[in-house]
Structures are given as structure tokens and as C-alpha cells.
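Enquirer: A predicted structure for the sequence below; I have some questions about it.
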Amino acid sequence: MTFIETRGNDGVKPAEVTFSQAILSPSASFGGLYVPKKLPTLDFDFFKAHSNSHYKELCKALFEKFDVDIAEVDLNAALDRYDAFDDPNDPVPLKKVEDDAFVSELWHGPTRAFKDMALQPFGYILSKLAEKRKEHYLIMAATSGDTGPATLETFKNASNVKVACLYPGGGTSDVQRLQMVTEEANNEKVIGINGDFDDAQTALKSLLASDSFKAKLQESNTQLSAANSVNFGRIIFQIIYHVHSYLELVKRGEISLGETVYLVVPSGNFGNALGGYYAKKMGLPVEKILISSNINNILTDLITKGEYDLTCKSLIQTTSPAMDILKSSNVERILFDKFGSSRTKQLMDDLAENGKYKLTHEELEILREDFDATFSSDEEGKEVIAEYAKKGYIMDPHTATCFKAYKNLRKKSLKTIIYSTAEWTKFSPTVCEALGREVERDLDALKWISEKFNVPVPKMIAELFEKPIVHKTVIDKEKIEEEILKFI
Ligand SMILES: N[C@@H](CCOP(=O)(O)O)C(=O)O
């Protein structure tokens, strides 16, 4: 399997690269992204053969289909990281919350968010590749709260790798921030910026595309890669759990093989939704992917009106900070898949030059064949948290946004998989507030919810509040490059 570029080729970069090249050097021509040249197909026999497979076996089978240039022994070792999840036999539990709705809990890994599903094995693979090639990499990450901790965790003390993690100062939950600023590994640097996630990700993308920055890194014998979902190494792992959750429904007799389902995906940078889209395109029986957002609802506008307009929006802080994003990376991969590289480049150029683009009526119709979208306010999210807490199910504010999509967007009465992207423990004050109790400190909120609903607080979250703050740097975005170079 080779990978091609969403905005076409500039004649300087190779027009096609292998998987390992794409993940080590994820910046494609004209600031584009790498995508598979041709997606493999998953047929009825594949699904039947894997209806009882362990999650790791399914991963291996999917990697085989993608035919990527990663040694089997390394893939196996990477997948062994799922053994440290809450239940190694079932790393992605599926919980029934309604007769026709099932929550796929993607957060049972070490940092309690879905990012671990991809970043745990991806971190092993990337560091192993670097080691084997005797190369050294700076891995950059921009985070609105969950990617940062997961990146730091997967690469801590890894060989041949350093990490620079950018987070918006004041733009994450306390637990998310503590997960980052208490990280002690000496190959990692955490940098708060005076700005929002879009500023952090814009800085990351411009450094990825900057020849002068890369030349400066070269002086320290270092190359540049990224841990965000701009890197296809993240996306490949984010296809698998969609297939797994579907097969789990079949296994439980909730659906028969071939029956279509809805997927409801809380979305910011769109990597999780893209994984669902690729799974659908490869053959997973999915009726539609329903996108849920918070009031930073640019994805809703795109999918319902065909408009992507940054000029009339500014980023608003919400109680679901991981989705406080307006410049959503992976929409570009969908545009490429639907409309090809020259149209994608045109739309991305429009966005860069004018801050907006508009799809034609026909293009919108094509997009809506696979997607529909809606958004929830913080208040609506809290109502959902309270409603399901009464039934004994505690969820985080990102997952809560999904229920409006589940209730309002389905045109057919099909079974529905709702993706839960983070554990409630990362947002306990919001959950407490939703349940009618005001608390000031995370620790009090964690204790109260845990006792009242008999849900555990994982050790890594409880311990955070005792740990020393290691990373105190908070800078203006103009200083990011300088700060990173000091660390290399
Ligand atoms: N929601 C993310 C933002 C980065 O997304 P990614 O999937 O591209 O890494 C976060 O929580 O950091």
C-alpha cells in the first residue's frame, strides 16, 4: 500500500510514499496530508472470520489488508500495549444504554481518552522505526486536551524520540493540564501557549512545512514528525474500533451480519469520524456517520449547509474542550476522497486566503450521503449527563453531545453506536454541576461522583494532584519555534 497527497504533488516531494515514510514525515506537498492510494476492501467473509476475534487479532488482520511496511514482530509488540488497558481481553467495552443505542468506550487506556487507542501502538511503532533506522525525531503534538497526555505517555523515555507538546493555556480541563505539566520524562517538553487550540495546531502545521525549522533541527541530527491525526499512523488505528464495535453487536446477537448501523462520533479534528468513514467505505455496513459537536459548530455548518466559514466564528471555550476546534484537520481527507486533489487544493487555498470555502449543491449532497451533523450547547450536554446518571450511566461532556444526534438525526430505527471519547474523571466538576452539585475542586468532584455512583477513579488520575508541576512554560505563539529549539 502506498500513500498519496491530498493537495497533489509539488514535483519536489515523492508523489507516493510507504506507510513508514508517511508516518515519519507526515507533511505532504502544499501543506496537504497523506492518504491511502486505494483503500482495501472488507467483505462478508472478512467480517465473518473475525466475528469472534480479539481486538489485537482484528488489528493485525486490518494491517494485513493495508499491507503496510511494518515488521510483524514490531506490530505485535505495539499491539501488546493494549494488554495494559483496564481489561486486556476487552480493551473497548460496548455498553448498552438504550434498546437501540450502545456506547463504545474508547477510554480504557492509560490517559483515559480515545487517543490511547491509536497513540499507544503508534508510539511504539514510530520509536522502533526511528531506532532501526538510527534516526532521531522530534515529535510535535498540538492538543485541546487529550492528544497531549496520550502523546506524552506513549513516547515517555522512548528511544530516538523527543516530544514537544503545545497546549492552550487555560483551554483544557484541570486534569488534562495536570496530566501534561506533571510529566517527568526528560525527552519531553510541554509548552503552554497564550492562545487557543487552533493557534497551537496552526503553529504545528507551519513548523511541519518549514524548511528552515527542519534545517535547524538537522543541525542536531533530528527530523520532524507529528503525533496528531494529520499523521496517517493515527488514522489507521482509528478505523479498527469502528469495525470491532460493529462485530461486537453481531456477536451479542443485537444485529445480524450485514445489517446497517448508525455511528455517532463526537468530533473536533475529525480523525475519529474519518476512521468511521474509511471503515464504511471499506465495507462496514454503516447507514450514516452522525457528527456531534459543541457550540464550536463549524462541522455542523459544513455538513448541513456546505459552508466552512472561519470569518464569522471565533473559538469559544466550552465544557467539552477537546472539541474546541474550528480548524479541523481531517475534513481535508474527506474532501480529497470525495472530490479529488485539485478541488481539495482549491478549497484549502480558499480557506487559507479568504478564511472560508463553500461546497456546491452537488458536493454537499455527496457529503451528506455519508454524514449528518448537529451540535449541543453545554447546557444541553449537562441535561444528558443528568438524564443518564439517573439510569446509572456516567458519561463525560464530549460523549454527552452525541445524544442529541442520536435522538434527532436518525431517519431509520437502526442500532446505533455512540463513541465515548473520554472518561468522566477528566471533567468531574462539569459532571458534578450537571448532577446539581457545585464543587470547586476536582478532587471533591471525583470523590463525590465515585462514591455516589460507585464508579472507580483510576490511580493515574487520583495521583495527579500530588505530583510536582514540572512544566511551567507558558509563552506567546510567536516564541514557539525558539522554545522548541532550546529543548532540542
Ligand atoms: N481533540 C484533540 C485535538 C487534536 O486532535 P488530533 O486527533 O488531531 O490529535 C485533543 O484532545 O488534543
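Expert: Ah, there it is.
Enquirer: The stretch 201-350 of the chain against the ligand: which residues are in contact?
Expert: Residues of the stretch 201-350 of the chain found near the ligand (Cβ under 6 Å from any ligand atom) are 228-229, 268-269, 271, 322, 329. Where C-beta positions appear, they are placed from N, C-alpha and C, glycine not excepted.
Enquirer: Nearest to Thr18 among these?
Expert: Ser229 (19.2 Å; Cβ to Cβ).
Enquirer: shouldn't that closest one be in contact with Gln238?
Expert: Yes: in this structure, Ser229 is within contact of Gln238 by Cβ atoms under 8 Å, at 7.3 Å.
Enquirer: okay, and the common contacts of those two?
Expert: 118, 271, 274 (Cβ atoms under 8 Å, 6 or more residues apart in numbering).
Enquirer: All the strands of the stretch 51-200 of the chain, in order from the start?
Expert: Counting by DSSP state E, counting those that start in this stretch, the stretch 51-200 of the chain has strands at residues 94-98, 101-105, 137-142, 161-168, 188-193.
Enquirer: and those strands as TSV, adding mean pLDDT and mean neighbour count?
Expert: Below are these laid out as TSV (pLDDT from 0 to 100; neighbours: other Cβ atoms under 10 Å):
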stretch	mean pLDDT	mean neighbour count
strand 94-98	98	16
strand 101-105	99	23
strand 137-142	98	27
strand 161-168	98	26
strand 188-193	98	23
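Enquirer: hmm, back to that, how about the residues of the stretch 201-350 of the chain next to the ligand, which pair is most distant?
Expert: Ala322 and Ser329 (13.7 Å).
Enquirer: okay, these two: which has more neighbours?
Expert: Ala322 (29 against 21; other Cβ atoms under 10 Å).
Enquirer: my guess is the more buried one meets Ala113, correct?
Expert: Yes: Ala322 is in contact with Ala113 according to Cβ under 8 Å; the separation is 7.4 Å.
Enquirer: which residues do those two both contact?
Expert: 145-146, 421-422.
Enquirer: What is the nearest of the residues you listed to the ligand?
Expert: Asp146 (3.3 Å; Cβ to the nearest ligand atom).
Enquirer: Low-confidence ranges, the chain, go.
Expert: Applying pLDDT under 70 to the chain picks out no residues at all.
Enquirer: For the protein, which helix extends over the most residues?
Expert: helix 232-251 (DSSP state H).
Enquirer: Next secondary structure element downstream of that helix?
Expert: Sequence order places strand 261-266 as the next helix or strand after helix 232-251, per DSSP states H and E.
Enquirer: circling back: please identify which of Ser229 and Gln238 sits among more neighbours.
Expert: Ser229 (27 against 24).
Enquirer: these two touch, right, Val470 and Glu183?
Expert: Yes: counting by Cβ under 8 Å, Glu183 is a contact partner of Val470 at 6.3 Å.
Enquirer: list residues touching both of these two?
Expert: Joint contacts of Val470 and Glu183 (Cβ under 8 Å, 6+ apart) are Val190.
Enquirer: of the two, who's got more company?
Expert: Glu183 (22 against 15).
Enquirer: any idea how far the closest residue to the more buried one other than its chain neighbours lies from Ser27?
Expert: Spatial nearest neighbour of Glu183, excluding adjacent residues (Cβ to Cβ, 6 or more residues apart in numbering): Leu152 at 4.6 Å. Distance, Leu152 to Ser27, using Cβ to Cβ, to the nearest Å: 22 Å.
Enquirer: who has more neighbours, these two?
Expert: Between Leu152 and Ser27, counted using other Cβ under 10 Å, Leu152 has the larger neighbour count: 29 against 23.
Enquirer: so who does that one touch?
Expert: Leu152 makes contact with 141, 163, 165, 179-180, 183, 185, 188, 190 under the criterion Cβ under 8 Å, 6+ apart.
Enquirer: same question, Val439
Expert: 429, 432-433, 445, 448.
Enquirer: farthest pair in these?
Expert: Glu433 and Trp448 (11.3 Å).
Enquirer: Give me the more crowded residue out of those two.
Expert: Neighbours per residue (other Cβ under 10 Å) separate Glu433 from Trp448, with Glu433 holding more: 19 against 16.
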